[in-house]
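A.B. asks: Got a sequence here, can you build the structure:
(chains A and B)
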Amino acid sequence: MAKVINNVGSVNSVLTTPRVNIAAVMPWLRRILFFAALVGLWQIVTLTGIWPDYVLPGPLEVFNSLVTGISSGIYIQAAQVSLERLVIGYGISLVIGMVLGALIGRIHLLEETVGSLILGLQALPSVCWLPLAILWFGLTEQAIIFVVIMGALFSITLGVDAGVKNTSPVYLKAARNMGASGIRLYTQVILPAALPAIINGLKQGWTFAWRSLMAGELLFFTVSLGNLLESGRELNDASQIIAVMLVIIFIGVMIETLIFAPLERRVRARWGLAS
Amino acid sequence: MNRQATLSNANTTTNNEQGIPGGIPLKIEDVSKVFPGRIQSVEALKPVNLEVEAGEFVCLLGPSGCGKSTLLSIIAGLESASTGVIRANGQKVRGPGIDRVLLFQEAALFPWLDVQRNVEFGLRQIGTPAKERRALARHFIELVHLKGFERSYIHQLSGGMRQRAAIARALALNPAILLMDEPFGALDALTRDRLHAELESIWASTRKTILFVTHNVREAVALGDRVLVFSPRPGRIVRDFRINLPRPRALEDHTLVDAAAEVLAVLKEAIHEQEENERNEQER
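C.D. replies: Here you go, the predicted structure:
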């Protein structure tokens, strides 16, 4: 958009700008058309009355639910609770995963033992920890945060491990040669060198954490996004369920585009990897 | 102690103007390397004996895989020798030290740091204060003609510029010995010639001891006070040439071409002999 404004005054670029703008706008136009058609189709299906309202509400009803939910503050409050759990659980995973991954990547004995344990646990969907977590902690914050940690921890650990292990030996040689050793070798060489792989692990860890959080919250009574889905079911309020689903999608996409995409782009640009 | 090493940069320059070596002597006594394998151990380097004077420019010439890079790694203290000892300035080498800095063919600059921070890296490890570090880095970046590229990241530099940055990074630590492992091997001929001239002038002004590994005969003859010809694996020194040509040397100079031809003949003979030996062994 800035380009358009800049080009108003310059005569030379007038010829080229429309082409550039069309190229940039077209994918978005197609996308908007696609989603408009999707909503239109949805509206038509609900108008035919094949399914009753409480099974498949129309887009307008869902929109109304969304507006009331947000304006009454209940969705905001729920999102806050869910995001807080996500941040705490993910934060703990991040710290443990970084240390654990770095250790496994560098110490052969840990790789053989703890490494294979983590590889096994990674194969277990983290919601499977929920029954055990509830037995251990009861229906408490600790239980749900535990499940979030189990969701993110292993992906982060394995990402860091892979990055550390694939650190080019020549970087290590050069660094040791210039007097780097011990913790400095880790923080100034091994971890930065492993950053591209670590970011992959962080991304995967976050998606797992988000999924397991939503699944876990279905069983909890405090107001949260997952809990709103469940209460929608109890009240036979399908439009609330779909509205909350949209909120969950929105938050997920936002975290992806505001945090992980820029992070990844920056690292790739700095490393000179193709964008 | 380390800090003193960097602070003494100024002193070395004054010394050098008087032609006093900034380098230190190096003594290699019976150093060999055997890589233990599961089925069969591989002998990479036969026992090598070598004395290098302070401020000498020595080229190690040999075919790929003759153990000359291994020898350099051992001198740098990054690998241990199977037998023998290395003495740098009379002191036994026990591990990496910033008196001996190694340069690699792939430059080994860190892609997550810009040129300025790459050059500062070693200084940061030895605890040079930030202000002094910046100034030293700027000085050496200028010395290798990379002024204006301080904020560039490595992928934005050409191969020649990367080697220049790597040289600046090494020089910033003011090492007494520069160990260069085919640093210009991946560069085009024109860039290589220019870097030869620049390296020669840096060496002339700092008088550091330089060990330069290459498989390029003309490069070795153009740069070295001495050219050590290595046999193929397991490596050993077959001949120690002294190149007494005036500097700066021109690659086109016919005396240099003659010297290169002589060295090449010895190298070819060594390779030929090795092949002969291998054939005999197979027949047996």
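
A.B. asks: Return the residues in contact with A:Gly101.
C.D. replies: The contact partners of A:Gly101, by C-beta atoms under 8 Å, 6 or more residues apart in numbering or on different chains, come to A:Ile156, A:Thr157, A:Leu158, A:Gly159, A:Val160, A:Asp161, A:Gly163, A:Val164, A:Ile198, A:Gly201. Heads up, the C-betas are built off the backbone N, CA and C, glycines and all.

A.B. asks: quick one: the helices in chain B?
C.D. replies: With helices called from DSSP state H, chain B shows them at B:2-7, B:9-17, B:68-76, B:115-125, B:130-143, B:159-172, B:189-206, B:217-223, B:254-283.

A.B. asks: helices or strands next to the last one in the packing?
C.D. replies: Meaning helix B:254-283. Applying 3 or more C-beta pairs under 8 Å, 6 or more residues apart in numbering or on different chains; DSSP states H and E, one finds that helix B:254-283 contacts helix B:217-223, strand B:226-230, strand B:237-242.

A.B. asks: roughly how far is that helix from the heart of the chain?
C.D. replies: Counting by C-alpha atoms, centre = their mean, to the nearest Å, helix B:254-283 is centred 23 Å from the centre of its parent chain.

A.B. asks: quick check: angle from that helix to strand B:237-242?
C.D. replies: Helix B:254-283 runs at 170 degrees relative to strand B:237-242, counting by axes from the mean of the first three to the mean of the last three C-alpha atoms, to 10 degrees.

A.B. asks: buried sites along helix B:254-283?
C.D. replies: Neighbour-count burial for helix B:254-283, counted by 16 or more other C-beta atoms under 10 Å in any protein chain shown, picks out B:Leu256, B:Ala259, B:Ala260, B:Val263, B:Leu264, B:Val266, B:Leu267, B:Ala270, B:Ile271, B:Gln274.

A.B. asks: Surely the fifth one touches B:Asn216?
C.D. replies: Just to be clear, that refers to B:Leu264. No: using C-beta atoms under 8 Å, B:Leu264 makes no contact with B:Asn216, being 10.4 Å away.

A.B. asks: measure B:Phe230 to B:Val217 for me?
C.D. replies: Distance of B:Phe230 to B:Val217, computed by C-beta to C-beta, to the nearest Å: 12 Å.

A.B. asks: quick one: common contacting residues for those two?
C.D. replies: B:Leu61.

A.B. asks: can you list the residues of the stretch 101-250 of chain B near chain A?
C.D. replies: B:101-102, B:104, B:106, B:108, B:110-113, B:121-122, B:124-126, B:153-156, B:169, B:173 (C-beta under 8 Å from any C-beta of the partner chain).

A.B. asks: Which members of those occur in strands, if any?
C.D. replies: Residues of those located in strands (DSSP state E): B:Val101, B:Leu102.

A.B. asks: can you redo the helices of chain B as TSV with distance to A:Ala78 and mean pLDDT?
C.D. replies: Listed next are those as TSV, based on distance: least, C-beta to C-beta, whole Å; pLDDT from 0 to 100:
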stretch	distance to A:Ala78	mean pLDDT
helix B:2-7	57	40
helix B:9-17	63	42
helix B:68-76	60	92
helix B:115-125	45	95
helix B:130-143	48	94
helix B:159-172	53	94
helix B:189-206	62	91
helix B:217-223	70	92
helix B:254-283	76	86
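
A.B. asks: For the residue of chain A found nearest chain B, list the residues it contacts.
C.D. replies: Across chain A, the shortest distance to chain B (C-beta to the nearest C-beta) belongs to A:Gly272, at 2.3 Å. By C-beta under 8 Å, 6+ apart, A:Gly272 lies in contact with B:Pro111, B:Tyr153, B:Ile154, B:His155, B:Gln156.

A.B. asks: Among the residues you listed, which one has the most neighbours?
C.D. replies: Among these, the one with the most neighbours (other C-beta atoms under 10 Å in any protein chain shown) is B:Ile154, at 22 neighbours.

A.B. asks: Hmm, it is touching B:Pro111, no?
C.D. replies: Yes: using C-beta under 8 Å, B:Ile154 makes contact with B:Pro111 at a distance of 4.8 Å.

A.B. asks: Is stretch A:151-164 in proximity to chain B?
C.D. replies: No: judged by C-beta under 8 Å from any C-beta, stretch A:151-164 and chain B are separated, with a smallest distance of 12.0 Å.

A.B. asks: would you put the C-alpha positions of that stretch in CSV?
C.D. replies: Extracted in CSV, the C-alpha atoms of stretch A:151-164 (Å, rounded to 0.1, in the frame of the first residue of the first chain):
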residue,chain,number,x,y,z
GLY,A,151,2.5,-31.6,24.3
ALA,A,152,5.4,-29.2,23.5
LEU,A,153,8.3,-30.6,25.5
PHE,A,154,9.4,-33.5,23.3
SER,A,155,9.1,-31.6,20.0
ILE,A,156,11.2,-28.8,21.3
THR,A,157,13.7,-31.2,22.8
LEU,A,158,14.0,-33.2,19.6
GLY,A,159,14.3,-29.9,17.5
VAL,A,160,17.2,-28.6,19.7
ASP,A,161,18.8,-32.1,19.7
ALA,A,162,18.7,-32.2,15.9
GLY,A,163,20.1,-28.7,15.6
VAL,A,164,22.9,-29.3,18.0
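
A.B. asks: and chain A, which of its residues are near chain B?
C.D. replies: A:170-171, A:173-180, A:184, A:188-189, A:192-193, A:195, A:270-272.

A.B. asks: Adding mean neighbour count as columns, could you present the helices and strands packed on helix B:254-283 in JSON lines?
C.D. replies: Compiled in JSON lines, the helices and strands packed on helix B:254-283 are given as follows (neighbours: other C-beta atoms under 10 Å in any protein chain shown):
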{"stretch": "helix B:217-223", "mean neighbour count": "24"}
{"stretch": "strand B:226-230", "mean neighbour count": "24"}
{"stretch": "strand B:237-242", "mean neighbour count": "15"}
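
A.B. asks: want to throw these into a markdown table with distance to A:Leu109?
C.D. replies: As requested, those are exported to a markdown table (distance: least, C-beta to C-beta, whole Å):
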| stretch | distance to A:Leu109 |
| --- | --- |
| helix B:217-223 | 45 |
| strand B:226-230 | 39 |
| strand B:237-242 | 41 |
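
A.B. asks: B:Ser64: which of those is closest?
C.D. replies: Proximity to B:Ser64 (C-beta to C-beta) singles out strand B:226-230 among these, at 10.7 Å.

A.B. asks: Remind me which helix or strand the nearest residue to A:Lys165 once chain neighbours are set aside belongs to.
C.D. replies: Nearest residue to A:Lys165, sequence neighbours excluded (C-beta to C-beta, 6 or more residues apart in numbering or on different chains): A:Gly105, at 4.8 Å. Using DSSP states H and E, A:Gly105 sits within helix A:74-106.

A.B. asks: residues contacting residue 85?
C.D. replies: Since you didn't name a chain, this refers to chain A. A:Glu141, A:Ile144, A:Ile145, A:Val148, A:Leu213, A:Glu217, A:Ser224.

A.B. asks: let's do chain B instead
C.D. replies: B:Val85 neighbours (C-beta under 8 Å, 6+ apart): B:Glu29, B:Asp30, B:Val31, B:Lys92, B:Val93.

A.B. asks: Relative to B:Ser205, how far out is the first one?
C.D. replies: B:Glu29 sits 31 Å away from B:Ser205 when distances are taken as C-beta to C-beta.
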